[in-house]
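K.L.:
fold the following for me, if possible:
(chains A, B and C)
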Amino acid sequence: MTQKKTSNAPAIMWFRRDLRLADNPALMAAVDTDRPLILLYIYETDLERPLGAAKKVWLHHSLKSLASSIKEVGGNFLLREGPAEAVLDDVIEQSGAEAIFWNRRYEADGIERDSNIKASLQDRDIEVETFNGSLLTEPWEVETQAGGYYKVFTPYWRAASQIIGPRMSANPPLEAPKKLIPFKKNLKKDELELLPKSLDWDEQIITNWSPGEKGASDRLNSFLKGPVKEYADARNIPSNETGTSRLSPHLAAGEISPRQIWQAAREGKHDADKFLSEIGWREFSYVLLYHNPELAEKNYKSDFDNFDWRTDTASLKAWTKGQTGYPFVDAGMRQLWQTGWMHNRVRMVVASFLIKHLLIDWRDGEGWFWDTLLEADPAANSASWQWVAGSGADAAPYFRIFNPFGQGEKFDEDGDYVRKFVPELKDMPDKYIQTPWKAPKEVLKKAGVTLGETYPEPIVEHKEARERALSRYKESRGE
DNA sequence: TGAAATGTTGGGGCG
DNA sequence: ACGCCCCAACATTTC
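P.N.:
Next up, the predicted model:
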């Protein structure tokens, strides 16, 4: 536990992916020292995997919001840039800080740098304490009878829930501190440039989002007030903007904790199991990442290692731009580009399309999502791509191939979603909006659509691509 | 948290 | 009335 302070030297709260004041265990521990606080964020410039462009945009706004909440309770926010270890050394030297607190991260690079920093600080008699601020349980905590980690979601979540339930009752989420004691001496600050210089893309994607702790809790509350009741079905309809919680970017930045979500959902009158099980998938991803540090680069199932992916930059580009000729896929890819987020139903379809119809390596898709998703979560992004590819733990089997227009006909029956993001098809009748290439000439003409000009022909033929994927899959397994 | 192919059943048209 | 075929509609299996 926290040592008794022996001087009035400051303590450092190192914010990372926990950009909130409430239910922040590291922050509360720092506050409990009664020392003046240095509330620090370091934009780390030596990460093995730099933040994606969309995530930087989110971070820009989220940090502003954090700084102002800190100010409201009397603290000073300190923003720095550089390699974490060097920045910490500098801040400690300037301030004489004697203690530091942070919440853990779980990707290999983060674990390694944190443990090096911790060892180096402890060598110099700086008190270091770390906490779990972003997960319901630690990824090493939920074990099978045999003592390993769970590799299948359902039994994992059952076992995890049994730990989480009682723990939440015993330790409900922490209140935000009412008052912070600021460290008064002026420290060197950095200005960050996180927004892209020449595009107005960043302004567009952030529209309709409110990064920050307040935005996160507002969104959770409004979701729990109504939409959660219908979640089980509504979550499948991408045109339904309130069908899902859309908490992912907030959660990834740590503006809200899964503990707060669990608690609030359980307090509600409605059955929130389905919704919470999605939080469970996030937890499960972290279990997989923790035990498989190379989850973003390496097939979890190594029998995928000899899969012969195609190199096809033109198709990859068409996919990223939403120009595949399959309206449902294109709507999803354009939603991602325009809003920094994509509905989950559509994520599965576009990923399946890239991997199976185009036979392009899932890592290329993962990389694009990493760069364009406001949330870009290191665990969930990798685990989910591997899920679709079939190479992951408890994954969809490779032969389960989504029909890129059938999914549209089922989940975007009236074409609202397609019309919103693929406006060049907006005058197509419902019957053909998912399959313009099947439409009679007169119908196309009337809708002002010329295939190959105003909207592309499908870049691959569905049935052919499906069969090609199945046989390529068999080949890779030597069948 | 699929989709397509294949199999089965039963009603209706029709010689 | 009967057998035969066609083909929905549904179930099962295969990928």
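K.L.:
now tell me what touches the longest strand out of those in chain A from outside.
P.N.:
In chain A, with assignment by DSSP state E, the single longest strand is strand A:37-44. Strand A:37-44 is contacted from outside by A:10-16, A:19, A:30-31, A:59, A:63, A:66, A:70, A:75-84, A:87-88, A:91, A:95, A:97, A:180-183, A:187, A:190, A:192, A:194, using Cβ atoms under 8 Å, 6 or more residues apart in numbering. (C-beta placed from N, C-alpha, C; glycine too.)
K.L.:
same thing but 6 Å
P.N.:
The contact list for strand A:37-44, computed with Cβ atoms under 6 Å, 6 or more residues apart in numbering, reads A:10-15, A:30, A:70, A:75, A:77-81, A:84, A:87, A:95, A:180-181, A:183, A:192.
K.L.:
and if you look at stretch A:257-268?
P.N.:
Counting contacts by Cβ under 6 Å, 6+ apart, the residues outside stretch A:257-268 that touch it are A:23, A:136, A:168, A:172-173, A:224, A:272, A:276, A:279.
K.L.:
enumerate every residue touching residue A:385.
P.N.:
Residues near residue A:385 by Cβ under 6 Å, 6+ apart: A:362, A:365-366.
K.L.:
same thing but at 8 Å, please
P.N.:
A:351, A:362-363, A:365-366, A:369, A:392.
K.L.:
and stretch A:372-390, does that touch DNA strand C?
P.N.:
No - between stretch A:372-390 and DNA strand C, judged by Cβ under 7 Å from any atom of the strand, nothing touches; the nearest distance is 11.6 Å.
K.L.:
ok, so of the contacts of stretch A:257-268, who is nearest residue A:290?
P.N.:
Residue A:290 has its nearest neighbour among the contacts of stretch A:257-268 in residue A:136, at 13.8 Å by Cβ to Cβ.
K.L.:
assign the closest one to helix, strand or coil.
P.N.:
coil (DSSP: H, G, I helix; E, B strand; the rest coil).
K.L.:
hang on, the earlier thing: buried ones among the contacts of strand A:37-44?
P.N.:
By neighbour count, with 16 or more other Cβ atoms under 10 Å, these hold A:10-15, A:30, A:70, A:75, A:77-80, A:84, A:87, A:95, A:180-181, A:183 as buried.
K.L.:
which of the residues you listed fall within helices?
P.N.:
A:30, A:70, A:84, A:87, A:95 (DSSP state H).
K.L.:
wait, which of the residues you listed is closest to residue A:467?
P.N.:
Compare each of these with residue A:467 using Cβ to Cβ and the shortest gap goes to residue A:84, at 50.2 Å.
K.L.:
residues contacting the closest one?
P.N.:
Shown here is residue A:84, whose contacts under the criterion Cβ under 8 Å, 6+ apart are A:42, A:44, A:46, A:113, A:117.
K.L.:
kindly write the PyMOL command that selects the buried subset of those.
P.N.:
Here is the PyMOL command that picks out the buried ones among the contacts of residue A:84, judged by 16+ other Cβ under 10 Å:
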select buried, chain A and resi 42+44+113+117
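K.L.:
widest-spaced pair of the contacts of residue A:84?
P.N.:
In the contacts of residue A:84, the most distant members under the criterion Cβ to Cβ are A:46 and A:117, with 12.1 Å between them.
K.L.:
returning to that earlier point: quick one: mean pLDDT over the longest strand of chain A.
P.N.:
Strand A:37-44 comes out with an average pLDDT of 98.
K.L.:
list the buried residues for that strand?
P.N.:
Here strand A:37-44 shows A:37-44 as buried, counting by 16+ other Cβ under 10 Å.
K.L.:
for residue A:44, list each beta-bridge partner.
P.N.:
Using DSSP bridges, the beta-bridge partners of residue A:44 come out as residue A:82.
K.L.:
circling back to that earlier point, which one among the contacts of residue A:84 gets closest to DNA strand C?
P.N.:
For DNA strand C, the nearest member of these is residue A:113. The distance, counting by Cβ to the nearest atom of the strand, is 43.9 Å.
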